[in-house]
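1. Sequence and predicted structure are below.
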Amino acid sequence: MTSQNSPPIYAVFTGDLIGSRDAEPDAVEASLSVLRDTANRLGEQHDFDPRFTRSRGDGWQILLPQPRRLFDTYLALVASLTAQDTGLATKISIGIGQVSSAGSTDLSDADGPAFVAAGDMLDHLSTSSGPIRVAIEGPGSTQWQRGILRMTDWICQSWSRQQAEAVALYLLRPDLGANADRAAVLGITRQAFEARFKSSGFPALDYARQAFADHDFGSPA
């Protein structure tokens, strides 16, 4: 377990858009805007500053001071981007560890083991073959987490825009406590919302979400 005197552990999300070189500039801008807005909404929801930072044209980073929320953060980012149907997806590398500096005005000059881990894993994703779009590395990250993330990524890749929209709404609007309220926001019936949500496979991820939320990321893997 993490002692009270141990340095805090963070999760750094580092990503870049897939296929952006062949995409229209408007699609790139729209995709990064979705990711920025989602990160900011999560920050407001859980009282932290994600410090969303764009890098290398189609790259981006956010800082999550609550690693136990990393699985829901990952899901919210992917669901929101799919729901907006920009035509682009994103790779996501999650680095776990300490942060020696959170940067000055943004994360462009941030530093620390969590940033190094995230950057190294993103480079690995960029050079790997196959449709792997997510990776995690750092203290407390284990094989079961890597397996769950890859399996979840496979599920997410099959989402329709409507399914992703239902998932994003569920994660980003906790004030909507009933499916009827969520359906009203989307202008559909409760039955239609529940059909989209169930067919996304998201309800089956509840145990995985809880496992991530209960995990101690302060302990070495």
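-> That came through, no problem.

2. use CA for all of it now, contacts and neighbours both
-> Will do.

3. State the next helix or strand along the chain beyond the one helix or strand Thr152 maps to.
-> Using DSSP states H and E, Thr152 sits within helix 143-156. Following helix 143-156 in sequence order, the next helix or strand is helix 161-172 (DSSP H and E).

4. who touches the longest helix along the chain?
-> Counting by DSSP state H, the longest helix found in the chain is helix 25-46. Helix 25-46 is contacted from outside by 17, 20, 49-50, 52, 54, 58, 60, 62, 73, 76-77, 80-81, 84, 86-88, 172, using CA atoms under 8 Å, 6 or more residues apart in numbering.

5. That helix versus helix 161-172: what angle between them?
-> Here helix 25-46 runs at an angle of 30 degrees relative to helix 161-172 (axes from the mean of the first three to the mean of the last three CA atoms, to 10 degrees).

6. So which of the contacts of helix 25-46 sit within helices?
-> Going by DSSP H, the helices hold 73, 76-77, 80-81, 84, 172 from the contacts of helix 25-46.

7. in the helix holding Thr152, what's buried?
-> Residues 145, 148-150, 152-153, 156 are the ones in helix 143-156 that count as buried (16 or more other CA atoms under 10 Å).

8. Ok, stretch 92-108 next?
-> Buried, per 16+ other CA under 10 Å, within stretch 92-108: 92-99, 102, 107-108.

9. can you pull the buried residues of stretch 13-25?
-> Burial within stretch 13-25, assessed by neighbour count using 16+ other CA under 10 Å, is assigned to 13-18, 20.

10. Identify the farthest-apart pair in the residues you listed.
-> Maximum pairwise distance in the buried residues of stretch 13-25, criterion CA to CA, is 18.6 Å, between Phe13 and Ser20.

11. so where is the protein shaky, pLDDT-wise?
-> Scanning the chain for pLDDT under 70 picks out 1-5, 127-130, 219-221.

12. Leaving out the residues flanking it, which one is nearest to the most centrally placed residue in the chain?
-> The centroid of the chain falls nearest to Tyr74 when counting by CA atoms, centre = their mean (2.0 Å). Spatial nearest neighbour of Tyr74, excluding adjacent residues (CA to CA, 6 or more residues apart in numbering): Ile92 at 8.0 Å.

13. and that neighbour, which of the three is it?
-> strand (DSSP: H, G, I helix; E, B strand; the rest coil).

14. Just to check, it is in contact with Asp120?
-> No: in this structure, Ile92 is not within contact of Asp120 by CA atoms under 8 Å, at 11.7 Å.

15. which residues are common contacts for the two?
-> Counting by CA under 8 Å, 6+ apart, no residue touches both Ile92 and Asp120.

16. pretty sure Ala117 contacts Ile96?
-> Yes: the criterion here is CA under 8 Å, and Ala117 meets it with Ile96 at 7.0 Å.

17. overlap in contacts of these two?
-> Common contact partners of Ala117 and Ile96 (CA under 8 Å, 6+ apart): 137-138.

18. can you pull the contacts of Asp58?
-> For Asp58, the contacting residues are 16-17, 20, 28, 32, by CA under 8 Å, 6+ apart.

19. how far away is Ala11 from Ala114?
-> To Ala114, Ala11 is 7 Å away according to CA to CA, to the nearest Å.

20. Okay then, goodbye and thanks.
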